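Student: Could you work out the structure for the sequence below:
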Amino acid sequence: MKYLNSGSNRNPRRLRVMIVDDIPQVLADLEVLLDLDPRLEIVGKAGNGLEAVRLAETLQPELILMDLEMPVMDGFCAASAIKSSQPACTIAAHSIHTEPADRERAAAAGFDLFIEKGTPLDGVLQSFL
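Tutor: Numbers count the residues shown, from 1 in each chain. The predicted structure is shown next:
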């Protein structure tokens, strides 16, 4: 696995990230992975879309990695709600559902990126740092 180089800046601006998934182990794994990069600040975690909407309003993340299929409120509805109040927030679908219809529905809901689960995140995150 490649790790992002933190560079020589002693006080770099950190990207505020929130992760959303209904599987606790996925949340934990993403937190460990993202926490390895000093340029990222994990500001919150949510286990469903409704919780994500509420936390996003309070925490104001710049990037949200969110699953599509979750209980209570799915990622599609959550992304739409978050984008309506925070259009500058980048929302990345992080899902095993990769069919063209899933991607189209995600784009229509307001997702900015689509990342298949298992894809190395370092290259994807590089564009934000």
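
Student: For residue 120, see how far away residue 49 is.
Tutor: 25 Å (Cβ to Cβ, to the nearest Å). Where C-beta positions appear, they are placed from N, C-alpha and C, glycine not excepted.

Student: quick one: which of those two has more around it?
Tutor: residue 49 (27 against 11; other Cβ atoms under 10 Å).

Student: Can you name the next helix or strand after the helix or strand where residue 29 lies?
Tutor: Assigned by DSSP states H and E, residue 29 falls within helix 24-35. Going down the chain from helix 24-35, the next helix or strand is strand 40-46, by DSSP H and E.

Student: what sits up against that following strand?
Tutor: 14-20, 27, 31, 34-35, 52, 55-56, 59, 61, 125, 129 (Cβ atoms under 8 Å, 6 or more residues apart in numbering).

Student: So which of those sit within helices?
Tutor: 27, 31, 34, 35, 52, 55, 56, 59, 125 (DSSP state H).

Student: contacting residues around the fifth one?
Tutor: I take that to be residue 52. Counted by Cβ under 8 Å, 6+ apart, residue 52 has contacts 18, 20, 46, 64, 66, 73, 75, 78, 82.

Student: Quick check: it vs residue 30, distance?
Tutor: Distance, residue 52 to residue 30, using Cβ to Cβ: 14 Å.

Student: so residue 93, which of the three states?
Tutor: Under DSSP: H, G, I helix; E, B strand; the rest coil, the three-state class of residue 93 is strand.

Student: What is the neighbour count of it?
Tutor: Neighbour tally, residue 93, other Cβ under 10 Å: 28.

Student: Quickly list what it is bridged to.
Tutor: Legend: beta-bridge partners of residue 93 under DSSP bridges are residue 66, residue 114.

Student: hang on, it packs against residue 68?
Tutor: Yes. With contact defined as Cβ atoms under 8 Å, residue 93 counts as touching residue 68 (5.7 Å).

Student: Which neighbours do those two have in common?
Tutor: Counting by Cβ under 8 Å, 6+ apart, the shared contacts of residue 93 and residue 68 are 75, 106.
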